[in-house]
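S.K.: take a look and give me a structure for this.
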Amino acid sequence: MNSYFYKALDADGTVIRGLVEGHDASSAEQMLTARGLFVVRIRKSSRYLKKITDVLPTWRISRKEIIEFSSNLSVMIRGGVPIIAALEDIISTITNQHLKSTITDVKKNTEMGIKLSDALNQHPGVFPDIMIRLVRVGEETGRLENSLSEVASHLQKLEDLAATVKRAMIYPLFSLITTGIAVVFWLAYVLPKVMNVLIDSGVAMPLLTKILYEVSKMTEKYWYLFLLIPVFIFIIIQVIKLNPVTRYYWDFTKIKLPLIRLLVHNKLLALLSEQLRLLIVAGITIDRSLDVAADVMGNEVFKQAIQKSKEDITAGNKIFEALSLHGVFPPLFIRMVAIGESSGNLDKQFGFLADHYYKIVDDLSEKIGKMIEPILIILLGLIMGLMVAGVVLPMYDVFSKLSA
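M.R.: Take a look at the predicted model:
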C-alpha cells in the first residue's frame, strides 16, 4: 500500500487536505470519491515522509482513547443501539478534536453504506490493523460487539505492557540523568576552581590531572552541549529507524544488550503470543495472522523472522518447525507451539505463552532497577574516583615536599 496526499472539496465546498492509502493513485482517488469528496489534487508521498506521518497521529490520539472508543461501541451495539446512532453518541462525548474528526468521518462513510471495517481502514494511522481485521471478522460472523470487546481487551493488555516497560526504565534513566548532571557540575564548576588554585601554586601536575584540567575547561566553556547530546542521540536513533537495514541492526542490538534484552525480548514474545492468540480465535488463518503480527511487532529482527517463518509454513512446513529455524524464538515458545499444533489447541497455547511472558516482563519491571543499580553505582564511583584522584595527586605531592 502506498500513501497519497490529497486536496479535495466536500459537499459544502470546504477544502480538505489529508493522507489516504491505496495501491495506486487511481484506487486512492476512487476511495476519496466514494466518501463524497471532489479530488482537486493527489500525489504520492515519499517513503520517509510516510514513516513520519504514520507516527504523527499516534501523538495526537492515545491508545487509551481507542480502547475507550472500542469498549463503548461494543457496549452500545450489545445493548441494541444501531451503529450509526452509537457512533453519533460517542462523537458527542469525545474531547480530542482529531479523534472526533476521525470518528465523524467513519460515521459519514458508514451512513453511505460502507462497512465499519472499511471505514476504519481509511484511517490506518489511527486504528491498528488488528482492530480492522477483527471488526471485519465480527461483521462477517454477526458478532461485531464481541470483536470490539476483544479489541478493547487486547489494546488494554498492550497498554499495560507498555506501562510496565516504561516503569522499568524510569529508575535507570533517572539515575543516568542525575549522574550526568553531577558529573557536568563537577567538571564545569568545582574542578576549574580547584585546578586554578593548583596551577597558581606552581604544583607539577601528573597526567591524570592535566587530562581532567583540559576536560574541565572544555566543559566549562561548552557546558550547553551536554544538554544537546540527548537531543542528538534521539535524532540519530530516529534517522536509524528510517532505513530498514540500519533499523535491523538497531533492533538486533536491543535484543542482545545485557539486562535490556531481558525486558525487550520478553515484551516482544508476549506481544507476538497475544496477537496470534487473538487472531486465531477470530478464525483468521495462521499465514494471515503472522502477516498481521509481523507488521505490529515494532522490531525488524522479529518481523523478518516471522515473515520467513510464514513463507516456510506456506511451503508446507509445520509451524513449530518454521519458527525453530530462527534464534529469536526460545525453546519454550517452540515446544508450546508444537504441542498446540499437534493437539489443535494452538490458541490456548499462545494464550499461556502470552500470560507467561507478561508475567516475566512484570517481574522484570520491579527487579531491573535493582539489577542496574550496582552498575550505576560502580560507574559513578569510578568517575568520581578519577576526579578526586586527579585533584588529590598533586596536593599529595605538595604535602610530601613540605613534610620533607
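S.K.: so residue 277 touches residue 355, yeah?
M.R.: No. Counting by Cβ atoms under 8 Å, residue 277 stays clear of residue 355, with 9.7 Å between them. For every residue, glycine as well, the C-beta is placed using N, CA and C.
S.K.: out of these two, which sits in the more crowded spot?
M.R.: residue 277 (22 against 15; other Cβ atoms under 10 Å).
S.K.: just say helix, strand or coil for that one.
M.R.: helix (DSSP: H, G, I helix; E, B strand; the rest coil).
S.K.: and the residue lying closest to it once chain neighbours are set aside, what does it touch?
M.R.: If the residues on either side of it in the chain are set aside, residue 277 comes closest to residue 350, at 3.8 Å by Cβ to Cβ, 6 or more residues apart in numbering. By Cβ atoms under 8 Å, 6 or more residues apart in numbering, residue 350 lies in contact with 273, 274, 276, 277, 280, 336, 337, 340.
S.K.: what do you get if the cut-off is 7 Å, keeping everything else the same?
M.R.: 273, 276, 277, 280 (Cβ atoms under 7 Å, 6 or more residues apart in numbering).
S.K.: quick check: phi and psi at it.
M.R.: phi -70, psi -30 (degrees, to the nearest 10).
S.K.: how far away is it from residue 271?
M.R.: Taking Cβ to Cβ, to the nearest Å as the measure, residue 350 falls 11 Å from residue 271.
S.K.: pLDDT score for residue 190?
M.R.: Turning to residue 190, the model gives it a pLDDT of 76.
S.K.: what about it, which SS state?
M.R.: helix.
S.K.: just give me the neighbour total for it.
M.R.: 13.
S.K.: which secondary element of the chain has the worst mean pLDDT?
M.R.: helix 47-60 (a mean of 53; mean pLDDT, DSSP states H and E).
S.K.: so after that helix, what's the next helix or strand?
M.R.: helix 63-78 (DSSP states H and E).
S.K.: pull the residues that contact whatever helix or strand comes next after that following helix.
M.R.: Going down the chain from helix 63-78, the next helix or strand is helix 83-93, by DSSP H and E. Under the criterion Cβ under 7 Å, 6+ apart, residues 69, 72-73, 76-77, 100, 103-104, 106-107, 110-111, 116 lie in contact with helix 83-93.
S.K.: what two of those are the furthest from one another?
M.R.: 77 and 100 (19.8 Å; Cβ to Cβ).
S.K.: comparing those two, which residue is more hemmed in?
M.R.: Higher neighbour count among residue 77 and residue 100: residue 77, with 20 against 15, using other Cβ under 10 Å.
S.K.: domains in this structure, by residue range?
M.R.: If you go by automatic domain parsing, the domain ranges for the chain are 2-45, 59-156, 164-404.
S.K.: which of the ones you listed sits most buried?
M.R.: Per residue and on average, the most neighbours among those fall to domain 59-156, with a mean of 18 (mean count of other Cβ atoms under 10 Å).
S.K.: how about the residue nearest the centre of the chain, secondary structure?
M.R.: Using Cα atoms, centre = their mean, the residue of the chain that lies closest to the mean C-alpha position is residue 298, 6.2 Å off. What three-state DSSP gives for residue 298 is coil.
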